[in-house]
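In: Predicted model and sequence below, questions to follow.
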Amino acid sequence: MELIHTIGNALVNLIEAVYGLLWGDIVTLPLPGGGTLGLSILVIILVPAGVYFTIRTRFMPFRMLPEMLRVTMEKRTGPDHQALSGVQALVVSTATRVGMGNLVGVVAAISAGGAGAVFWMWFIALLGSSTAFAEATLAQLYKQKDPLYGGYRGGPAYYIHDFFITRRGSRKKKSVIAVLFALSGLLCWCGVSQVIGNSISSAFDNAFHIPPLYSTIVLVALAAVIVLRKNATVKVLDIMVPVMAGLYLLLTVYVIATNIGHLPAVFQRIFEEAFGLRQAAAGGFGAVLMNGVKRGLFSNEAGSGSAPCAAAAADISHPAKAGLLQALGVFIDTLVICSCTAMIMLLTPEELTAGLEGMDLLQTSMSYHLGEFGVIFTAVILWLFSFSTFIGILFYSRSNIAYLFGDSWSTQTAYKILALVMLFIGGLAAYTFVWDMGDVGVGLMTVFNMIALIPMAGEAVRSLREYEAMKKSGGI
């Protein structure tokens, strides 16, 4: 027993150490006014990468937004009806992007960095959409037939494998980097499963006084019915994602409409605080900037390699279309859904939210705008966001498990059962290191993904140019 306890402590310490390495500040820059700007490894990787991909794609997010929207209107063109359509792939990736980060993450960003953090979340979304385009397009270029589920599978593990193994003529069966990426994804999604369980049970306990055990049993039973069936995942998300995003958007429109006179002051506050005009004297600009950047990166997931697992599953007429759809997904996540949460909080009088943090801040804002219904709505929408994330990550896991263990129903089912167990455990108790485990997983995924994504960028850019040329000539 003592040995198990020792091993457990060692694992916790290892996870926390890696978390600090990935997300902690490794470089600290001095700022005018006495403040500092701390940069983590992931910020150092992802922000320059976003700039690089934006320039390589000739500012694709700005000039091709109408085309992104047009592609969502297209009907399925591929012959494989077991495969996802491009829009269904967007729905799956949106299910995981539009999750707890849009509620908890935005609240945390504003709690720590003030209203100005919202501007930097928007800025990171514009950069991240180019990164999302590149990784999704590559996932389409290197997708494979899926003999278990039908349709296609793929993602970073597969294009990393090609980069390090196939094109070099190696006799090795696996790429070490691809294996590490796949394992990091499975680690991340186990951690996220526990966080989801705890978030949902806590929300229902606070709103409805339902004991965590009861809400968790119902949650796990419902999740099991969906994820253990062969192809129920996408069908559920096709209904769930538009409903939950639409409800949240409608509620935000109502809040904005009833507070329309305060809207100019909110945008003034966002832009003033974004550039440290309020915080300059106190040296707080660094906190504003980095909280917005970090939460923006975590929320939209661009570069982490998660969404390409969905993009690869699409049966679509041109790889660049999958990239455009996933770039739009970043916009939906940050510029729409995250902005909804920000507006709800920032349209609440500052004297009511002074000193509040976390979900207390969001629930107070909801209560101010909607009364008791607001607290209940928060619990319900958190359930929808979190549950859709759980279903989505188990769709992602299919490709990683297949890369690691081959085409086997036993390994696919074993991971689903493990995730359900983690969901149940998380619903009963909160473990701080589990949050770190999810962050470590997504951080490692990002590092391993970027090792291949940056040198392979030219292929995604060529695909985009080919697509634009075909459109211009009327060939697509």
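Out: Perfect, thanks for sending it. Quantities reported herein were computed from a predicted structural model and do not represent experimental measurements. Residues are numbered from 1 along each chain as shown.
In: Show me which residues of stretch 40-50 are buried.
Out: Neighbour-count burial for stretch 40-50, counted by 16 or more other Cβ atoms under 10 Å, picks out Ser40, Ile41, Leu42, Val43, Ile45, Leu46, Val47, Ala49, Gly50. In short, each C-beta sits where N, CA and C put it, glycine included.
In: Averaged pLDDT, that stretch. What do you get?
Out: The average pLDDT within stretch 40-50 is 84.
In: repeat for stretch 422-436
Out: Per-residue pLDDT over stretch 422-436 has a mean of 73.
In: got it, and stretch 167-179?
Out: Mean predicted confidence for stretch 167-179 is 82.
In: related to what we said a few turns ago, helices - which of the buried residues of stretch 40-50 land there?
Out: When DSSP state H is applied, the buried residues of stretch 40-50 are split such that Ile41, Leu42, Val43, Ile45, Leu46, Val47, Ala49, Gly50 fall in helices.
In: got these as TSV, with distance to Gly406 columns?
Out: Converted to TSV, these look like this (distance: Cβ to Cβ, whole Å):
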residue	distance to Gly406
Ile41	33
Leu42	31
Val43	37
Ile45	31
Leu46	32
Val47	37
Ala49	32
Gly50	35
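In: If you count neighbours, what's buried in the helix or strand Ile196 falls within?
Out: Using DSSP states H and E, Ile196 sits in helix 176-208. Within helix 176-208, the residues that count as buried by 16+ other Cβ under 10 Å are 177-204, 207.
In: and it, what does it pack onto?
Out: If you count contacts as 3 or more Cβ pairs under 8 Å, 6 or more residues apart in numbering; DSSP states H and E, helix 176-208 packs onto helix 100, helix 156-164, helix 212-227, helix 358-370, helix 372-405, helix 409-428, helix 432-453.
In: Surely Leu46 is in contact with Thr131?
Out: Yes: proximity of Leu46 to Thr131 meets the contact threshold set by Cβ atoms under 8 Å, at 7.2 Å.
In: and the angle for the helix holding Ile196 with helix 409-428?
Out: Going by axes from the mean of the first three to the mean of the last three Cα atoms, to 10 degrees, helix 176-208 is angled at 40 degrees with respect to helix 409-428.
In: Is Pro455 in contact with Phe163, as I believe?
Out: Yes: between Pro455 and Phe163 there is a contact at 7.1 Å, judged by Cβ under 8 Å.
In: Among those two, which residue is more densely surrounded?
Out: Neighbours were counted for Pro455 and for Phe163 using other Cβ atoms under 10 Å; Phe163 has more, 22 against 10.
In: Quick check: the more buried one touching Met456?
Out: Yes: contact criterion Cβ under 8 Å: Phe163 and Met456 qualify, at 5.9 Å.
In: Can you find the helix or strand of the protein with the lowest average pLDDT?
Out: helix 100 (a mean of 60; mean pLDDT, DSSP states H and E).
In: And for Pro212, nearest residue in space, chain neighbours not counted?
Out: Ser201 (3.8 Å; Cβ to Cβ, 6 or more residues apart in numbering).
In: List the contacts of the one you found.
Out: The contact partners of Ser201, taken as Cβ atoms under 8 Å, 6 or more residues apart in numbering, are Pro212, Ser215, Thr216, Leu219, Gly426, Gly427, Leu428.
In: For the residue lying closest to Leu180 once chain neighbours are set aside, give its distance to Leu141.
Out: Spatially, and ignoring its direct neighbours in sequence, Leu180 is nearest to Phe448 (5.2 Å; Cβ to Cβ, 6+ apart). Per Cβ to Cβ, to the nearest Å, Phe448 is found 18 Å from Leu141.
In: Can you tell me how far Leu29 is from Gly20?
Out: Distance from Leu29 to Gly20, by Cβ to Cβ: 19 Å.
In: should've said Ala223
Out: The gap separating Ala223 from Gly20 is 32 Å, by Cβ to Cβ.
In: Repeat that for Ala274.
Out: The separation that Ala274 has from Gly20, given Cβ to Cβ, amounts to 27 Å.
In: Compare Phe448 and Leu141 (neighbour count), which wins?
Out: Phe448 (25 against 21).
In: Tell me if I'm right that that one and Phe181 touch.
Out: Yes: counting by Cβ under 8 Å, Phe181 is a contact partner of Phe448 at 4.0 Å.
In: Can you pull the residues that touch both of these two?
Out: Common contacts of Phe448 and Phe181 (Cβ under 8 Å, 6+ apart): Pro156, Ile160, Gly305.
In: Next one: the first one from Tyr396, what distance?
Out: Put plainly, it is Pro156. 11 Å.
In: between these two, what contacts are shared?
Out: Cys309.
In: quick one: contacts for the residue lying closest to Phe208 once chain neighbours are set aside?
Out: Counting by Cβ to Cβ, 6+ apart, Phe208 lies nearest to Ala379, which is 6.9 Å off, once chain neighbours are set aside. Residues near Ala379 by Cβ under 8 Å, 6+ apart: Ala203, Phe204, Asn206, Ala207, Phe208.
In: Tell me the confidence at Pro156?
Out: Pro156 is given a pLDDT of 94.
In: go on, the one 3 residues further on?
Out: Among the per-residue scores, Tyr159 shows a pLDDT of 94.
In: quick one: it and Gln140 touch, right?
Out: No: under the criterion of Cβ under 8 Å, Tyr159 makes no contact with Gln140, lying 9.7 Å away.
In: ok, back up a step: buried subset of the contacts of Ser201, written for ChimeraX?
Out: In ChimeraX, this line selects whichever of the contacts of Ser201 come out buried by 16+ other Cβ under 10 Å:
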select :212,215,216,219,426,427
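In: Looking at the contacts of Ser201, which is nearest Cys338?
Out: Proximity of the contacts of Ser201 to Cys338 (Cβ to Cβ) peaks at Gly426, which lies at 23.6 Å.
In: Is the closest one in contact with Ile196, as I believe?
Out: Yes: under the criterion of Cβ under 8 Å, Gly426 makes contact with Ile196 at 6.6 Å.
In: And Leu29 and Gly20? Which one has more around it.
Out: Taking neighbours as other Cβ under 10 Å, Leu29 and Gly20 compare with Gly20 leading, 14 against 11.
In: Tell me which residues of whatever helix or strand that one lives in come out buried.
Out: Assigned by DSSP H and E, Gly20 belongs to helix 2-23. Buried residues in helix 2-23, defined by neighbour count with 16+ other Cβ under 10 Å: Val12, Ile15, Val18, Tyr19, Leu22, Trp23.
In: so what's Leu394 up against?
Out: So Leu394 contacts Trp189, Val227, Thr233, Tyr415, Lys416, Ala419 (Cβ under 8 Å, 6+ apart).
In: Quick check: which of those residues has the minimum pLDDT.
Out: Among these, Thr233 has the lowest pLDDT, at 67.
In: mind listing what Val442 touches?
Out: Ser184, Cys188, Phe298, Glu301, Ser304, Ser306.
In: how much space between Ser473 and Met60?
Out: Here the criterion is Cβ to Cβ. By it, Ser473 lies 19 Å from Met60.
In: any idea of the mean pLDDT in the next helix or strand after the helix holding Gly20?
Out: As assigned by DSSP H and E, the chain's next helix or strand after helix 2-23 is strand 25-30. Mean pLDDT, computed over strand 25-30, is 76.
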